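1. using only what follows, build the 3D model:
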Amino acid sequence: MTDTPDFSADPVLALSAALIARPSLTPDDGGCIDLLTARLAPHGFRLERFDCGGVRNLWARRGDASPVVCFAGHVDVVPSGPESAWQSQPFVPEIRDGHLYGRGAADMKASLAAFVVAIEAFVAAHPDHAGSIAVLLTSDEEGAAIDGTVKVVEALRARGERLDWCIVGEPTCEARFGDTIKNGRRGSLSAVMKVRGQQGHVAYPERARNPIHALAPALAELAATVWDDGDDFFPPTSCQVSNIHAGTGANNVIPGECGLLFNFRFAPVSSAEELKARSEAIFRRHGLDYEIDWQLSGKPFRTGRGPLLAALTAAIRATTGTEPALSTSGGTSDGRFIAEICDEVAEFGPINATIHKVDECVALETLPALADVYRRVLNQLLAGESA
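-> Sure, this is the predicted structure:
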């Protein structure tokens, strides 16, 4: 059943729908940043663009004093996949069965809309608030993430600008809105490896050197290694092989080389350098002739109990009646970059059950509640009010 599409029923719904209607496949922002800029400009924000490599980045700040409360997020979305698999068009917002449907509804255009509506309400009530409010937006989170938030952070660091508290609007909730805050993320270290052998005929293995056979025992040890035990906030470091490729396509040819892709998701108790050294010690111990290219795409970070988590927890409790759990599970986010210039970073947004899926959606009742949570956080941190 399709509900009557009254997008004007709630300001967060209206802005969310307007953002969904702007296709913003990474790194194209689809006009979303201009739309959000137009909403922030009348409220006294200084607006700066840090566009780079075809990526659009916005830094907006209201006020010059500390403390600085920042809302951060991305306007870009992943591809929709086959549009024929969707019940409605992915970039045509639709209300159906109590949900708003469209690519980016949960990840994370609803959060962006809630940021703006919460800020507007807070500024109207507290035009002379203490400290500063900032908004950081990028169109390069779902892609390579090399010309987006990281570039804004580099620019802010270069001029000595730091943040006190930052909320990233990633969809964090699992079963019920309000049930999860992400207060950290694991690091991500990837490797592209090539093991060299000597090509030959399978009937004459003594005249060749099979790199797959050479790699196999080393790979078994890599997979069986316990890298660490994690800690109170992070699970143990995990190493996963994502691809092995070799051969000419013929079943009578020993390949001359074998390629391997693997990735570590690591807890702070292990460093990237330690993981590299221990991995390569395994490869050398097994006598591999190899070359390897390492890529560190994110360091682990964690926010401990402090003003941000206290304010966010109290706001969620007051709005939803739910006591949120803290979690560091899942993939990486742009929080890993922001943590370089901000001591307290947390992520909070809607339920993540449909993100990156066909028929992505967000519950209508979540939209005003999400803005209410963000507004209550501002009330506590910049106006000294209780949740």
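2. burial count for the nearest residue to Asp107 once chain neighbours are set aside?
-> Spatially, and ignoring its direct neighbours in sequence, Asp107 is nearest to Ile355 (4.0 Å; Cβ to Cβ, 6 or more residues apart in numbering). From N, CA and C alone the C-beta is placed, and that goes for glycine too. Neighbours of Ile355 under the rule other Cβ atoms under 10 Å: 21.
3. you'd agree Ile355 is up against Ala106?
-> Yes. Using Cβ atoms under 8 Å, Ile355 is in contact with Ala106, at 5.1 Å.
4. identify the contacts common to these two.
-> When Cβ atoms under 8 Å, 6 or more residues apart in numbering defines a contact, the residues bordering Ile355 and Ala106 alike are Pro171.
5. in the longest helix anywhere in the chain, what counts as buried?
-> Ordering each helix of the chain by length in residues (DSSP state H) puts helix 366-383 first. By neighbour count on 16 or more other Cβ atoms under 10 Å, the buried set for helix 366-383 is 366-382.
6. all helices of the stretch 101-250 of the chain, in order?
-> Along the stretch 101-250 of the chain, the segments classed as helices by DSSP state H, counting those that start in this stretch run 110-125, 149-158, 211-224.
7. give me the neighbour count for the nearest residue to Asn379 once chain neighbours are set aside.
-> Of all residues not flanking Asn379 in the chain, Glu385 sits nearest, at 4.2 Å (Cβ to Cβ, 6+ apart). Glu385: 12 surrounding residues under other Cβ under 10 Å.
8. got a list of what the nearest residue to Ala65 once chain neighbours are set aside touches?
-> Closest residue in space to Ala65, ignoring its immediate chain neighbours: Gly131 at 5.5 Å, by Cβ to Cβ, 6+ apart. Gly131 makes contacts with Gly63, Ala65, Ser66, Pro67, Val68, Val69, Asp164, Leu381, Leu382, as judged by Cβ under 8 Å, 6+ apart.
9. and the first one, how close does it get to Val192?
-> Going back to what we said before, that points to Gly63. Per Cβ to Cβ, to the nearest Å, Gly63 is found 45 Å from Val192.
10. which residues sit in contact with the residue nearest the centre of the chain?
-> Nearest residue to the geometric centre of the chain (Cα atoms, centre = their mean): Ser333, 2.5 Å. The contact partners of Ser333, by Cβ under 8 Å, 6+ apart, come to Glu141, Val168, Glu170, Lys182, Arg185, Glu347.
11. distance check, it against Ala175.
-> 20 Å.
12. could you count how many residues lie near the residue nearest to Ile254 when sequence neighbours are not counted?
-> Nearest residue to Ile254, sequence neighbours excluded (Cβ to Cβ, 6+ apart): Ala208, at 4.3 Å. Residue neighbour count, defined by other Cβ under 10 Å, stands at 17 for Ala208.
13. my guess is Ala208 contacts Asn252. True?
-> No. Counting by Cβ under 8 Å, Ala208 stays clear of Asn252, with 11.5 Å between them.
14. what touches both of those two?
-> By Cβ under 8 Å, 6+ apart, the residues touching both Ala208 and Asn252 are His201.
15. still on that earlier bit, quick one: contacts for the closest residue to the residue nearest to the centre of the chain other than its chain neighbours?
-> Leaving aside its sequence neighbours, Ser333 sits nearest to Glu170 (Cβ to Cβ, 6+ apart; 5.2 Å). Counting by Cβ under 8 Å, 6+ apart, Glu170 touches Gly73, Asp107, Met108, Ser111, Lys182, Ser333, Gly335, Glu347, Phe348, Gly349, Asn352.
16. ok, 6 Å please
-> Glu170 makes contact with Ser333, Glu347, Gly349, according to Cβ atoms under 6 Å, 6 or more residues apart in numbering.
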